[in-house]
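Q: Have a look at this fold, sequence not included:
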């Protein structure tokens, strides 16, 4: 084929496809013209958008407002980078799904739309009453968004691996030492089976302080990482692989890019994860498995006085430049009050009735074909005598905290530095960041 | 000949030539102004402001963001992570530029020979460049894994394989190696284009004079391709500072801070911590570092580049 | 080496031929190996990837990864978007860059060195640090969320300007002087004499523009928001879940995405190498 022919073929193809794609967009815009309905747009990741489909339908039934999810692909850091740029340059996308760290940043910068004006005149909704402590306000009482769910942690386990090893299922009142003993019994390296799995997200390094309810900040605002509990937490998590050999090392997890769905592959007997995981375990098509799953409550530290379960809150907030703030608020409210009816999750509604939670958990029971029952879920998440605390390190320098924690804990795990140095370095970095943030 | 040159230098022609030249560069210069100069000016502007939180871009022009002078720049030298990144960047470039230039030149020299299956070899050598960085990073992670083939080869010789990307000592060189592997073929092509412009007559006469391959290379090839080499070294030097994609996907800056380069740090400061001014100040520092190196190379070219 | 020197010229040539051929084949294989692994992994189930990484041909060809990729309703659209974007980028960039390079390399005008040096500094800017400013500019130009947001900014590529200037300068002035005296315009000289001389480099540039635009992630990710207008490089990210290691699916997407550049490489190769020797550029 001569070059001329190649070029002309390419050109022809290009013209055809341009015409094709143009006609597409034209038909899209014309349908907008005939339809005078309002469409609220919302930034989110793929999973959240997939899960939200029934919520959008129900919301449309009730209000006649369309909701369009603008899915940003990629990892959390990339998603927030894109949303950052959009918000800062004054884009009009109405809403954003986000975690508490991001919500806090937006809140302090005042980039949200104050929805108090709608809440105040809403006869059926008292945000403070409904959300209690989960409701966040900034800059002297401005409310930019509502908490849509609040996760809690629990241990999921693979019943088949328990049966094969002849180990009894955990009953939920256990300490971490018992957890480790159980995991050791379950580990069978020759078959490539590990007893435990805790994906090396940054928050795994501070499980201990989270359960003990120790803050990462001192009263004067400086870093509290020199509190011995943080060192204990890092050592404890690292030892799971380095000493007890009950799960993949941090290095192996990083090289193989093992995420939390690795557990569904059936090679790890137990996994500690938060309640969002109730959704993937119901998706047999995407994550097929030939074993039954169980759930039990998080173990406790025997040297911690009052162990707490912990979790994080997710939010939807209204963009300051939203084109339809009223409708955006309506959707936020609808989602916050109704998400748990459509998506398996624990609502950020402290006064939610037990009956309503039962309905949510019943859906999980049905979704898992009875592998996990309503009773199991109440035991694992609520009726275990544990209190509840915040999961994230939080505060203004949350991102810096996690960055330093990740790098330093990695060096510790690779035996490049000892525990003292690790904790000292994190404390210094955190204090520098706190100083800068002032 | 003299006559021609004097007509060529006639004034009307000269003015005409100038007008033509301005017309020719106009589209580029306009676009360059919009998409390079304006953003650079914006960078300079925010690097002297305290835009280290989260605010709207329009606030900058309303003067609502406090002016802090050179504070962001001074803070770079106080920031341990930034200094470590700077150090890593220097190490990376010092390994990357010579390795890539030499390897690419070797490839080009090889491909310039009469070879068995030359076309196939050449296509194969170009493959790494076509591949997607994310996929490449993943393949290398798997190949360099503890249970992977590379450590199997080491074990075969009774040696203990290092952890490559996870070892403080080997992480950066490994990243350099992968980076060279991935990007050399393009440079090799540029060299090849340069090599094929060397008149064969020169090689013929060298052969008749009885020069060895090595002598021919030093005395003829190297001087003849020096403009290409100059271009390659400059663009490789600049390229050695822009290594975000591969590092992000291979090591995420780890272990610890061992492979965190300045560009990685800039992006983390700006987009994870929202320290836009501090991140941009580092970008400007990087800009001046590259500028100085490039200027030195530019002035140095007179000594060894033959047009 | 000593014994080599004693051989006759013909024998020596033959020895070189064998040594270099073997060497080039070894290098070629080692260069292409990771690439082969990528293709091989795309045909394996996720769980097998780490178990036997060396097994190049899996026991059973596993096509689910490709099914995952093609089941996405937008996949084909992304492919087309990428091709269109890349094509226009190539055309626009080559024209704008080469004509400016011609002026910088072969015409005399006031301020030439200065303007060129300023432009050179454009190569030194880290694209990520100017992304916010670029976003605002692109928004002002009204081309946000369209393929023009990718095409127009990338037309003004400094690297290629520098490269073409270097190559244009090596073309002897004698070649064009005669045409000038005959009253040829500079545009005609650029179009009729200079461009045909650098066809191999033009094709190389086109190919690499293709690859860079094809693989570029940052610009389309930031400047394009609607999924139906997105490009393939970003589209592939829709398959990656933060919590899952869908390496195999990613490999399938990457393997399939690499086909157009490879085809172009195969077609373009003979132009960008062989024709250089016949181009008449002699030092």
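A: Ah, there it is. As the structure is a computational prediction, the values presented were derived from the model and not from experiment. Numbers count the residues shown, from 1 in each chain, chains lettered A, B, ... in the order given.
Q: chain center to the longest helix seen in chain B: distance?
A: Longest helix of chain B, by residue count under DSSP state H: helix B:80-111. On the basis of Cα atoms, centre = their mean, to the nearest Å, helix B:80-111 is displaced by 8 Å from the centre of the chain it belongs to.
Q: Say whether chain C is contacted by whatever helix or strand comes next after that helix.
A: Following helix B:80-111 in sequence order, the next helix or strand is helix B:118-130 (DSSP states H and E). Yes - among the residues of helix B:118-130, B:118-130 lie within reach of chain C under Cβ under 8 Å from any Cβ of the partner chain. Using the backbone N, CA and C atoms, a C-beta is placed for each residue, glycine as well.
Q: One more: stretch B:54-64?
A: Yes - using Cβ under 8 Å from any Cβ, stretch B:54-64 reaches chain C at residue B:57.
Q: Could I get the buried residue list for that stretch?
A: Neighbour-count burial for stretch B:54-64, with 16 or more other Cβ atoms under 10 Å in any protein chain shown as criterion, is recorded at B:54-57, B:60.
Q: For these, work out which two are farthest apart.
A: For the buried residues of stretch B:54-64, the farthest-apart pair by Cβ to Cβ is B:54 and B:60; their separation is 12.9 Å.
Q: Report how many residues lie close to the closest residue to chain C within the stretch 1-150 of chain A.
A: Relative to chain C, the nearest point of the stretch 1-150 of chain A is residue A:73 (3.8 Å; Cβ to the nearest Cβ). If you count neighbours by other Cβ atoms under 10 Å in any protein chain shown, residue A:73 ends up with 19.
Q: Kindly report the same for residue B:199.
A: 13.
Q: Now residue C:41. Nearest residue, chain neighbours left out?
A: Spatially, and ignoring its direct neighbours in sequence, residue C:41 is nearest to residue C:251 (4.5 Å; Cβ to Cβ, 6 or more residues apart in numbering or on different chains).
Q: I meant residue A:99, not that one.
A: In space, residue A:99 is closest to residue A:314, 5.9 Å off (Cβ to Cβ, 6+ apart).
Q: Contact partners for the one you found?
A: With contact set as Cβ atoms under 8 Å, 6 or more residues apart in numbering or on different chains, residue A:314 has these partners: A:97-100, A:147-151, A:348.
Q: For residue C:69, state which of the residues you listed is nearest.
A: For the contacts of residue A:314, the nearest to residue C:69 is residue A:97 (25.7 Å; Cβ to Cβ).
Q: does the closest one really touch residue A:48, like I thought?
A: Yes - judged on Cβ atoms under 8 Å, residue A:97 makes contact with residue A:48 at a distance of 5.2 Å.
Q: Name the residue in these two with the higher neighbour count.
A: Higher neighbour count among residue A:97 and residue A:48: residue A:97, with 24 against 19, using other Cβ under 10 Å.
Q: Tell me how far the spatially closest residue to the more buried one that is not a sequence neighbour lies from residue A:72.
A: Using Cβ to Cβ, 6+ apart and skipping the chain neighbours, the partner closest in space to residue A:97 is residue A:44 (4.0 Å). Remark: distance between residue A:44 and residue A:72 (Cβ to Cβ, to the nearest Å) = 7 Å.
Q: and if you look at residue B:301?
A: To residue A:72, residue B:301 is 45 Å away according to Cβ to Cβ.
Q: Between those two, tell me which one has more neighbours.
A: Between residue B:301 and residue A:72, counted using other Cβ under 10 Å, residue A:72 has the larger neighbour count: 26 against 18.
Q: Kindly provide the distance from the more buried one to chain B.
A: Residue A:72 sits 13 Å away from chain B, taking Cβ to the nearest Cβ, to the nearest Å as the criterion.
Q: Residue A:339 too?
A: According to Cβ to the nearest Cβ, residue A:339 and chain B sit 27 Å apart.
Q: circling back: give me the beta-bridge partners of the residue nearest to residue A:97?
A: Beta-bridge pairing of residue A:44 under DSSP bridges involves residue A:71.
Q: what's the burial count for it?
A: So residue A:44, with other Cβ under 10 Å, has 21 neighbours.
Q: ok, now residue B:218?
A: Using other Cβ under 10 Å, residue B:218 is surrounded by 12 other residues.
Q: Check the one 10 residues further on too.
A: Under the neighbour criterion other Cβ under 10 Å, residue B:228 is assigned a count of 25.
Q: on that earlier part again, quick check: chain neighbours aside, which residue is closest to the residue of the stretch 1-150 of chain A closest to chain C?
A: Leaving aside its chain neighbours, residue A:73 sits nearest to residue C:237 (3.8 Å; criterion: Cβ to Cβ, 6+ apart).
Q: got it, and residue C:225?
A: Excluding its sequence neighbours, the residue lying closest to residue C:225 (Cβ to Cβ, 6+ apart) is residue C:145, at 5.1 Å.
Q: what's the answer for residue B:250, then?
A: Sequence neighbours aside, residue B:137 is the residue nearest to residue B:250 in space, at 4.8 Å (criterion: Cβ to Cβ, 6+ apart).
Q: hmm, who's touching the helix or strand containing that neighbour?
A: According to DSSP H and E, residue B:137 maps onto helix B:133-143. Helix B:133-143 is contacted from outside by A:255-257, B:128, B:148-150, B:165, B:178, B:182, B:245-246, B:249-250, C:34-35, C:37-38, C:41, C:49-50, C:53, C:215, C:236, C:247, C:250-251, C:254-255, using Cβ under 8 Å, 6+ apart.
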